[in-house]
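1. make a model of this:
(one chain, ligands or ions: 1)
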Amino acid sequence: MTAPMTSHVTLIAADAEALRAAARAAYPDECCGLLVGEGEAVVRVTEVVPTANVAENPRRAFAIDPQAQFDLLRQARASARRVVGHFHSHPDGPAQPSVHDLAMAFDPEALWLVLAASAEGVSAPRAFRRPEGEAFIEVPVKVVP
Ligand SMILES: [Zn+2]
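-> Below is the predicted model of the structure:
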């Protein structure tokens, strides 16, 4: 099955700021968390849920706390919301998925939000999706009030 084409992603300004704050707080480790939202052609992120990074080496990788993921999936199922993807930061790296990320991208529906973090600050989040068997493609992010 092919994933639906997403023209763009909308992100509430306060959530964009929450993402940047999470990346800033975790630096020099990677931050991570889940994105809750709705829509397919336009994915509207309505909630940003930071979670613990339980990766063995959080400076170079991220792993979303499985209990937090389980709890959120269960809550989302009980409502109309769904988990549309996840986010993480790249300390002293670019705001784009790494080779390591490519190896972990199994779900063509999942939205990948990546931020670049450094001692100087944090970039705006960029969104990507990986169609089955292909490279990541960028999905434009529109920040809305
Ligand atoms: Zn990464």
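2. can you pull the residues of the protein lying near the ion?
-> Counting by Cβ under 5 Å from the ion, the residues of the chain close to the ion are 98, 101. All C-beta atoms are positioned from the backbone trio N, CA, C, and that covers glycine.
3. any stretches of the chain with poor pLDDT?
-> Where the chain drops to pLDDT under 70, the residues are 1-4.
4. please enumerate the strands of it.
-> Using DSSP state E, the strands of the chain run over 8-12, 32-38, 42-51, 82-91, 111-118, 121-122, 126-129, 137-139, 141-144.
5. a markdown table for those strands, including mean neighbour count?
-> As requested, these are arranged in a markdown table below (neighbours: other Cβ atoms under 10 Å):
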| stretch | mean neighbour count |
| --- | --- |
| strand 8-12 | 20 |
| strand 32-38 | 22 |
| strand 42-51 | 20 |
| strand 82-91 | 23 |
| strand 111-118 | 23 |
| strand 121-122 | 17 |
| strand 126-129 | 22 |
| strand 137-139 | 15 |
| strand 141-144 | 14 |
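6. so which of those strands is nearest Ala18?
-> Relative to Ala18, the nearest member of the strands of the chain by Cβ to Cβ is strand 42-51, separated by 5.0 Å.
7. neighbouring strands - and their directions - for the closest one?
-> Paired strands of strand 42-51, with direction, are strand 8-12 (parallel), strand 32-38 (antiparallel) (DSSP bridges).
8. tell me which residues form a beta bridge with the residue nearest the centre of the chain?
-> Centroid check for the chain by Cα atoms, centre = their mean gives Phe87 as the closest residue, at 2.1 Å. Phe87 has these beta-bridge partners by DSSP bridges: Gly33, Leu113.
9. that one and Phe128 touch, don't they?
-> No - if you go by Cβ atoms under 8 Å, Phe87 and Phe128 don't touch, sitting 10.8 Å apart.
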